[in-house]
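[1] Next comes the sequence, and after it the predicted model I'd like to discuss.
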Amino acid sequence: MAGALEERRRALDEAMRARGAWPGDAPWVRAAFDALPRHEFAPERLWDWDGSTYVPVDRGASPDRWAELVYAGPDDAAVTEVTDGIPSSSLSAPAVVATMLDSLDVQPGHLVLELGTGTAWNAALIAHRVGTSGQVTSVEASTRLADTAARAVERAGVHVDIAVGDGNLGRPGTGPYDRVIATYAVDHVPWPWIEQTTPGGDLVFPLGRMGHFAVTVADDHRSARGWMHGLAQFMNARDTPPPAATIRSHTQVRAGRAPDAKRGVDRDITPLHTDVNLLWALRMALPDVVYTTDTDEDGVNAWIHDGASSWAVVTTEPDGSARTEQGGPRRLFDAVETAWEAWTAHGQVSRWDHGITIGRDEQYVWERDPDTGRRYPLTTATPAPG
């Protein structure tokens, strides 16, 4: 087993190197991965999707498959907990972990607050970086996971202060912290995260299903601002239901119903499969909608739904043209085309040209410029105390 794990670990390291996933300006990330192997923080039971449900994979019973799940690939998370049939905790994808740690810009001696301990692998990597002159505090909502995480960091020989609590509240009565990082997605940034970050300090967090941002807290401690740093999907906070579209499949939403509308499509739909900047724009404009694409001998096909009752299929025909079928109260592909056209009209703004401004009473994502760029207001933030 040890030999197989080491072989898979080396294969993952090489895959990360080959695609440029190791941060060039933060070599400590790769060194921390090497010092704190991912499998040493994985629980004895992982969960595997069999096409219809999540099934347990126990290390003792299926060691090879367990190892495959731990070291599947740069973009593959390992599901460590399933609640009511839905993943509720995971070992995040290695490439995402590396990118977020690079974004955090953590330095030796820093005081760091992490929200969402999970397996504690991420916290241990940070602790390896800050060293004995720094301190990592991590907040976990689940007592069971917190206990398991505490044992894992003790075995690894790193020190992390693990507390049970509501991550959205940060760690009341502590701080301020030089760096704050969240490992679960929020639809708006809890104000305690800003309050507990020192002025001039950095906060890294995933926003909805969009990706992760890195912001710097203003000197007056009244706001924070920064840029989008990575496109990935994260689990929501435990007390926040995941978006309906991420729970139900296209097949479940359609439920065998015939389409209400059919028409031809006067555009090449290939970008739905290949253009991540377009996908980012569609996430911004239609945050409740999920897109799945694939290719066959004719070209790209797309399945679109909102997790409730509306759906669309876009199919490339043998002659290269495309057609769509839509059903439910919303014409989803019509909405997609409208958002697509707006993105094109505004110059096809890159995902990297989006930032976020966070205030006590207002939060919004902006394009290119925080003052003059097009804005996407976020859901109303929880009122800040005081």
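    Cool, the structure landed.

[2] Okay, and W227 sits in which element?
    Here W227 sits within strand 223-230, counting by DSSP states H and E.

[3] Show me what that strand is packed against.
    Counting by 3 or more Cβ pairs under 8 Å, 6 or more residues apart in numbering; DSSP states H and E, the packing neighbours recorded for strand 223-230 are helix 94-104, strand 197-207, strand 211-217, strand 354-359. For glycine as for every other residue, the C-beta is placed from the backbone atoms N, C-alpha and C.

[4] Dump those to a markdown table, plus distance to D34, mean pLDDT and mean neighbour count.
    Formatted as a markdown table, these follow (distance: least, Cβ to Cβ, whole Å; pLDDT from 0 to 100; neighbours: other Cβ atoms under 10 Å):
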| stretch | distance to D34 | mean pLDDT | mean neighbour count |
| --- | --- | --- | --- |
| helix 94-104 | 12 | 96 | 23 |
| strand 197-207 | 22 | 97 | 21 |
| strand 211-217 | 23 | 95 | 23 |
| strand 354-359 | 33 | 97 | 21 |
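
[5] For E14, which of these is the nearest?
    Minimum separation from E14 across those (Cβ to Cβ) falls at helix 94-104, 12.1 Å.

[6] quick one: that closest one to strand 223-230, angle?
    Relative orientation of helix 94-104 with respect to strand 223-230: 150 degrees, computed using axes from the mean of the first three to the mean of the last three Cα atoms, to 10 degrees.

[7] hmm, who's touching the strand holding W227?
    Identification of contacts with strand 223-230 by Cβ atoms under 8 Å, 6 or more residues apart in numbering yields 96, 99-100, 103, 189, 194, 197, 202-204, 210-218, 280, 351-352, 354-360, 365, 370.

[8] per-residue pLDDT, I181?
    I181 is assigned 98 on the pLDDT scale.

[9] Confirm it sits in a strand?
    Yes - counting by DSSP: H, G, I helix; E, B strand; the rest coil, I181 is found in a strand.

[10] ok, and the closest non-adjacent residue to L12?
    Spatial nearest neighbour of L12, chain neighbours left out: Y71 (4.7 Å); criterion: Cβ to Cβ, 6 or more residues apart in numbering.

[11] typed the wrong thing, it's P190
    P190 sits nearest to N168 (Cβ to Cβ, 6+ apart), 4.3 Å away.

[12] Now render the helices and strands packed on strand 223-230 as TSV, adding distance to V82.
    What follows is the helices and strands packed on strand 223-230, written out as TSV (distance: least, Cβ to Cβ, whole Å):
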stretch	distance to V82
helix 94-104	20
strand 197-207	20
strand 211-217	24
strand 354-359	31
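
[13] Surely H159 is in contact with A127?
    Yes - counting by Cβ atoms under 8 Å, H159 touches A127, with 6.1 Å between them.

[14] Now for the two: what residues contact both?
    V136, V153.

[15] Same drill for those two, tell me which one is more crowded.
    Taking other Cβ atoms under 10 Å, H159 and A127 do not tie; A127 has more neighbours (27 against 15).

[16] if I've got this straight, the more buried one is in a strand?
    No - under three-state DSSP, A127 sits outside any strand and is assigned helix.

[17] Name every strand pairing with the strand holding W227 and say which way it goes.
    Paired neighbours of strand 223-230 in the sheet (DSSP bridges): strand 211-217 (antiparallel), strand 354-359 (antiparallel).

[18] for the protein, where's the lowest mean pLDDT among helices and strands?
    Within the chain, no helix or strand scores below helix 244-247, which has a mean of 50 by mean pLDDT, DSSP states H and E.

[19] after that one, next one along is what?
    Once the chain leaves helix 244-247, the next helix or strand it forms, by DSSP H and E, is helix 250-254.

[20] List the contacts of that following helix.
    290, 292, 303-311, 327-328.

[21] Show me what counts as buried in it.
    Residues of helix 250-254 classed as buried: H250, V253, R254 (neighbour count, 16 or more other Cβ atoms under 10 Å).

[22] mind saving the C-alpha coords of it as CSV?
    Provided in CSV are the C-alpha atoms of helix 250-254 (Å, rounded to 0.1, in the frame of the first residue of the first chain):
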residue,chain,number,x,y,z
HIS,A,250,-30.9,17.7,-16.1
THR,A,251,-32.7,14.3,-16.5
GLN,A,252,-34.4,14.9,-13.1
VAL,A,253,-35.5,18.4,-14.0
ARG,A,254,-36.8,17.4,-17.4
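
[23] tell me the two of the contacts of helix 250-254 that are most distant?
    Longest span within the contacts of helix 250-254, Cβ to Cβ: T292 and S309, 17.5 Å.

[24] The helix or strand hosting A152 - contacts with which helices or strands?
    Using DSSP H and E, A152 sits within helix 143-156. When contacts are defined as 3+ Cβ pairs under 8 Å, 6+ apart, helix 143-156 packs onto helix 121-130, strand 135-140, strand 161-164.

[25] Okay, angle between it and strand 135-140 too, please.
    150 degrees.

[26] Can you give me the distance of P37 to T119?
    In this view, P37 and T119 are 12 Å apart by Cβ to Cβ, to the nearest Å.

[27] Ignore what I typed, I meant A67.
    A67 sits 16 Å away from T119, going by Cβ to Cβ.

[28] Show the contacting residues for P192.
    Applying Cβ under 8 Å, 6+ apart, we find P192 in contact with N168, L169, G170, P172.

[29] Could you check the pLDDT of the spatially closest residue to the second one that is not a sequence neighbour?
    Put plainly, it is L169. Leaving out its chain neighbours, the residue that sits closest to L169 by Cβ to Cβ, 6+ apart is P192, at 5.3 Å. The per-residue pLDDT reported for P192 equals 97.

[30] show me where pLDDT drops low in this protein?
    For the chain, the stretches flagged by pLDDT under 70 are 1, 209, 232-247, 380-386.
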